[in-house]
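Participant: Next come a sequence and a model predicted from it.
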Amino acid sequence: MFSTTLSIEKLLDMYRKLWLARNHELLAEEWKLNGRIQGSVHLSTGQEAVAVGACAALEVDDYIMGTHREHAQMIAKGVNIRGMAAEMLGKVTGMNQGKAGHMLFSDKSVNALGGCGIVGGGAAVAVGYAMAFKILGTRQVSLAFFGDGAFNTGAVHEAINFASVRKYPVIFLCENNRWGLTVMQHEQTLVEDLADRARGYGIPGATVNGNDVLAVYEAVNLAVERARAGDGPSVVEAKTWRMRGLAAGYPIDWEPKDYHEEGRKQDPILLFEEKLIAKGIFTPEKAKAIEEETRKTIEEAYDEASRAPYPDEAVFWENVFAAPIG
């Protein structure tokens, strides 16, 4: 599938964001393994098309809730790369002053809300924002990213059910990489296509190839149009592969060999690149230039962040309590 409704500028922006996300994950993995990033780092390597395709269907004033594997999601929404790099390193120049780290950072300037500490909990937060949009009468929508494992949690069920009944403008996007932590999908649910569950809520559900950025865009775009029209939420399931283990440095030798082999065959960036070249959007040389430019952007952001200071104790008492009203 190749959408002809998107401008060349939009297609190139999507391709660039795919490479921004991929090059970020490659460098973040390297820095984690070298001890320059602390804590577990959950990589979205191989899953970039889900984030980029989904966010391409949104406007700046729409909101997203990320997952613990959120880097590509935040980059796709347009977060400040330098602020993101500094946050990953826990520096005071980070977008959240070094207090959020790699999993929970957010950027209010583009309405990219961070991951949630509770698996699946972000779905309920997205519904809360959608409730506000309906009360205020705006055209905004919210989109909740969550994984296949999170789709089995009570929080996601309650969020979808409540939003469906109230017809709130929210999209529930299941980023299905077939792994709920260390358990494969077929070992935790008998449903082959998780989007089939949408019928139980009386709303539309669609399952798409999550490594086809245009397929994700088209499915989410339809869901966004439905939400803006006041017809309520939708479920989109994007089936994808993660190219790394549970987190950076985690072993994968216990995972099925064919899972990773198939994932490499379905590299979302290469699939999109082939389509763009075949359509004459750009040449292989232009594609290489974009790859190198985005790699340089990421490297410069991290080099700058590495020289920034860590926050002092006073920072940890800022932005903790809401300002009093009135």
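Facilitator: That came through, no problem.
Participant: what about the nearest residue to Tyr250 once chain neighbours are set aside, neighbour count?
Facilitator: Nearest non-adjacent residue to Tyr250, counting by CB to CB, 6 or more residues apart in numbering: Arg244, 7.6 Å away. For the C-beta atoms, the positions are set from N, CA and C on the backbone; glycine is no exception. Arg244 is flanked by 21 other residues according to other CB atoms under 10 Å.
Participant: where does the stretch 101-250 of the chain have low pLDDT?
Facilitator: Nowhere does the stretch 101-250 of the chain drop to pLDDT under 70.
Participant: need the strands for it, in chain order.
Facilitator: Taking DSSP state E, counting those that start in this stretch to define them, one finds strands in the stretch 101-250 of the chain at 112-113, 142-147, 170-176, 179-180, 183-184, 205-209, 234-239.
Participant: Just the helices from the stretch 101-250 of the chain, written as ranges.
Facilitator: Here the stretch 101-250 of the chain has its helices, by DSSP state H, counting those that start in this stretch, at 101-104, 121-136, 154-166, 213-228.
Participant: Against Gln97, how distant is Glu225?
Facilitator: 37 Å (CB to CB, to the nearest Å).
Participant: ah, wrong one, I meant Thr45
Facilitator: To Gln97, Thr45 is 27 Å away according to CB to CB.
Participant: before we move on, the earlier item: just the helices of the stretch 101-250 of the chain: most buried one?
Facilitator: Mean neighbour count (mean count of other CB atoms under 10 Å) peaks for helix 213-228 among the helices of the stretch 101-250 of the chain, with a mean of 22.
Participant: Let me know the angle separating it from helix 154-166.
Facilitator: In terms of direction (axes from the mean of the first three to the mean of the last three CA atoms, to 10 degrees), helix 213-228 departs from helix 154-166 by 50 degrees.
Participant: who's in contact with helix 213-228?
Facilitator: Helix 213-228 is contacted by residues 1-3, 6, 14, 18, 49-50, 52-54, 56-58, 62, 130, 139, 141, 143, 169-171, 173, 204, 206, 208-210, 232-234, 236, 238, 268, 271-272, 275 when judged by CB atoms under 8 Å, 6 or more residues apart in numbering.
Participant: Okay, and the most centrally placed residue in the chain sits in which element?
Facilitator: For the chain, the residue sitting closest to the mean C-alpha position, by CA atoms, centre = their mean, is Gln73 at 2.4 Å. Gln73 belongs to helix 71-77 when assigned by DSSP states H and E.
Participant: Please save the CA atoms from that helix in CSV.
Facilitator: Only the C-alpha atoms of helix 71-77 are listed here, as CSV (Å, rounded to 0.1, in the frame of the first residue of the first chain):
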residue,chain,number,x,y,z
HIS,A,71,11.6,6.7,22.6
ALA,A,72,10.3,6.4,19.0
GLN,A,73,6.9,7.6,20.1
MET,A,74,8.3,10.7,21.6
ILE,A,75,10.5,11.4,18.6
ALA,A,76,7.6,10.9,16.3
LYS,A,77,5.5,13.4,18.1
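Participant: Kindly provide the whole-number mean pLDDT of the longest helix seen in the chain.
Facilitator: Ranked by number of residues, the top helix in the chain under DSSP state H is helix 8-33. The average pLDDT within helix 8-33 is 97.
Participant: Buried residues in that helix, which are they?
Facilitator: Residues 11-12, 14-25, 27-29, 31-32 are the ones in helix 8-33 that count as buried (16 or more other CB atoms under 10 Å).
Participant: Please name every helix or strand in contact with that helix.
Facilitator: When contacts are defined as 3 or more CB pairs under 8 Å, 6 or more residues apart in numbering; DSSP states H and E, helix 8-33 packs onto helix 48-55, helix 71-77, helix 81-88, helix 213-228, helix 268-278, helix 284-306.
Participant: Name the stretch among these that sits most buried.
Facilitator: Comparing the helices and strands packed on helix 8-33 by mean neighbour count (mean count of other CB under 10 Å), helix 48-55 ranks first with a mean of 31.
Participant: What lies in contact with it?
Facilitator: With CB under 8 Å, 6+ apart as the test, helix 48-55 has contacts from 14, 17-18, 21-22, 44, 64, 72-73, 75-78, 143, 145, 171, 173, 175, 210-217, 220, 236, 238, 240, 268-269, 271-272.
Participant: Export the helices of the stretch 101-250 of the chain as CSV, with columns for distance to Trp254.
Facilitator: Shown next, in CSV, are these (distance: least, CB to CB, whole Å):
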stretch, distance to Trp254
helix 101-104, 24
helix 121-136, 28
helix 154-166, 27
helix 213-228, 29
